[in-house]
Structures are given as C-alpha cells and as structure tokens.
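Undergrad: Structure of the sequence below:
(one chain, ligands or ions: 2)
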Amino acid sequence: MIAPSILSADFARLSEEMAAVGGPGQGADWLHVDVMDAHFVPNLTLGLPVVESLLHSTDTPLDCHLMIDDPDRWAPGYAEAGAHNVTVHVEAAEDPVALAKNLHAAGSNAGLSIKPNTPLDPYTELLRHYDTLLIMSVEPGFGGQKFITDVLDKVRSARRMVDTGHLNLLVEIDGGINTDTIEQAAEAGVDCFVAGSAVYGAEDPTGAVERLRSQAAAHGPR
Ligand code: DX5
Ligand code: ZN
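TA: Numbering: from 1, shown residues only. Ligands and ions are numbered 1, 2, ... in the order given. This is a model prediction of the structure:
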C-alpha cells in the first residue's frame, strides 16, 4: 500500500492536492496526514478542525499520524471525526493499551509509531492491541529528509513477528521513501509506504504513486 503524505502538498489547496494522488483503484490507498504540535516535534502543521474538513473532501481513508504530546487526550477525537487509522507515538503515550482501546471504541484503527532510535522489543506485547506499526525512518518533524537505513532491522523483526502469528498488524514505514529506497524497505517486509516529497515533488503525483507501488510489489517478500 502507498500512503502519500500531504505534508509535502500545497496547504492552500489541500482538497485538490488530495485528488491529485488518485484514490483506491488507481493511486493512493490511504492519505497520510501529519499532525504536529510544536512540542513533541519542533514543527507545527494542522489539527483536528483541518482534518475534519479533509474528511469531508475525500473518500480516500485518512491515516492520521499524531506527532503530539498527550495523545491519550487528543487522539480519540480524530477517530470520532472519521479517520481510518490514528497513529500515536509510543514516546508520548501515557497508557498505549488503554489508548488503543479508546481509538477502537471511537471507531478507527489504532497505530503505534516509534522514532528511529526507539527500540521495538519493549513494545511487542502492547502491539498486540494495535493494527499498524509505523516505523519512522527519519526523525519526525519534517519532510524531505534522508532515509535512515538502520531502521530496517526493526522492520525485519516486526515482519517476523507478523509472519509467525505473534502480531497481527500492518508494518508501515515513514520518512525518506522514494524510488531509491523503497525496494530495500519492501525487501525488509513493509506493507504500507508513506511518501511525501517523492509523490508531491513529482510532476505527475498519481504516476509517482503507481511507480512506487510497482517497485514495492516487485521487491516485497509477499
Ligand atoms: C515526517 C512525517 C512524514 C513526512 C515524510 O515527520 O511524519 O510523514 O511527510 O516526508 P518524506 O516522504 O518527504 O520523507
Ligand atoms: Zn508521518
């Protein structure tokens, strides 16, 4: 699956920019929405009122990536609004298991994200409550950064845990995914690829999504 990140889109034309990457069938499987609060990360982007408007402007499922403090308090609102998947950071969450349950009760899937230097092992048990694991391959905060290859070890162990039935979730990767890096991520076992600058920086964003998809499909283990 490919999830274009609208962080690299023109924020004055978000509705058109969402349409520019297509939708299920041809183009984006999900649209990835980066919510940043200038506390958990140094950058500030958009919040719930904008996400509510985006939900009214597209049929493509929204994958909301909350890079915010106190997600226990704020994340369920995105689920109630109608986001398909709401991802919180394990470094910020107070009670990730309760939070996953609250997200499910509010009607969305639950995602857990880990920063590049956060290990995976301490969280394998609580990941049983989650539907996606978002492995950051750049420091969260900004688009257009260089892919950190080291995180692929975490992708491989997550893939093993899913393939052996210990976990039941989608492995998602975020940061620096482009035509040069997507093949190694696919080989390591990623299910869902977030791509911002590689899609919105392209002349034909839907074409860029389809190119990434065929590269990933040709190199994925499944
Ligand atoms: C970074 C965001 C990413 C970002 C990826 O903190 O979480 O989703 O949009 O952008 P690229 O694909 O340009 O690295
Ligand atoms: Zn993101």
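
Undergrad: use CA for all of it now, contacts and neighbours both
TA: Fine.

Undergrad: what's the helix or strand of the chain with the lowest mean pLDDT in contact with?
TA: Sorting the helices and strands of the chain by mean pLDDT, DSSP states H and E puts strand 22-23 at the bottom, at a mean of 84. Contacts with strand 22-23, where a contact means CA atoms under 8 Å, 6 or more residues apart in numbering, come from 28-30, 59-60, 206.

Undergrad: between those residues, which is nearest ligand 1?
TA: residue 30 (12.2 Å; CA to the nearest ligand atom).

Undergrad: thought residue 84 was touching residue 104?
TA: No: assessed by CA atoms under 8 Å, residue 84 is found out of contact with residue 104, at 10.4 Å.

Undergrad: before we move on, the earlier item: parallel or antiparallel, which strands does the least confident helix or strand of the chain pair with?
TA: Looking at strand 22-23 with DSSP bridges, its partner strands are strand 26-27 (antiparallel).

Undergrad: for the record, mean pLDDT for the partner strand?
TA: Per-residue pLDDT over strand 26-27 has a mean of 91.

Undergrad: next one: stretch 82-101
TA: 98.

Undergrad: Any buried residues in it, and which?
TA: Within stretch 82-101, the residues that count as buried by 16 or more other CA atoms under 10 Å are 82-93, 96, 99-101.

Undergrad: and if you look at stretch 191-207?
TA: So for stretch 191-207, counting by 16+ other CA under 10 Å, buried means 191-200, 205-207.

Undergrad: same thing with stretch 24-43?
TA: So, applying 16+ other CA under 10 Å, buried residues of stretch 24-43: 27-37, 40-41.

Undergrad: got it, and stretch 17-26?
TA: For stretch 17-26, by 16+ other CA under 10 Å, it's 17-23.

Undergrad: Among those residues, which pair sits farthest apart?
TA: 17 and 23 (11.6 Å; CA to CA).

Undergrad: Show me what from this protein comes close to ligand 1.
TA: For the chain, the contact set with ligand 1 under CA under 6 Å from any ligand atom comprises 5, 7, 34, 140-145, 174-177, 195-197.

Undergrad: Give me the buried entries from the residues you listed.
TA: Buried, going by 16+ other CA under 10 Å: 5, 7, 34, 140-144, 174-177, 195-197, out of the residues of the chain next to ligand 1.

Undergrad: Okay, strands next: where are they in this structure?
TA: In the chain, strands defined by DSSP state E lie at 2-4, 22-23, 26-27, 31-36, 62-67, 85-89, 109-114, 132-136, 170-174, 192-195, listed in chain order.

Undergrad: weakest of those in terms of mean pLDDT?
TA: strand 22-23 (a mean of 84).

Undergrad: Run the chain-centre distance for that one.
TA: 17 Å (CA atoms, centre = their mean, to the nearest Å).

Undergrad: next one: stretch 121-132
TA: The answer for stretch 121-132 is 16 Å, by CA atoms, centre = their mean.

Undergrad: If you count neighbours, what's buried in stretch 65-83?
TA: 65-69, 71-72, 75-83.

Undergrad: farthest-separated two in those residues?
TA: Pairwise distances across the buried residues of stretch 65-83 (CA to CA) peak at 21.1 Å, for the pair 69 and 82.

Undergrad: Provide a list of residues in contact with the residue nearest to residue 206 when sequence neighbours are not counted.
TA: Excluding the flanking residues, the one nearest residue 206 by CA to CA, 6 or more residues apart in numbering is residue 21, at 4.4 Å. Residues in contact with residue 21 (CA under 8 Å, 6+ apart) are 4, 27-28, 199, 205-206, 209.
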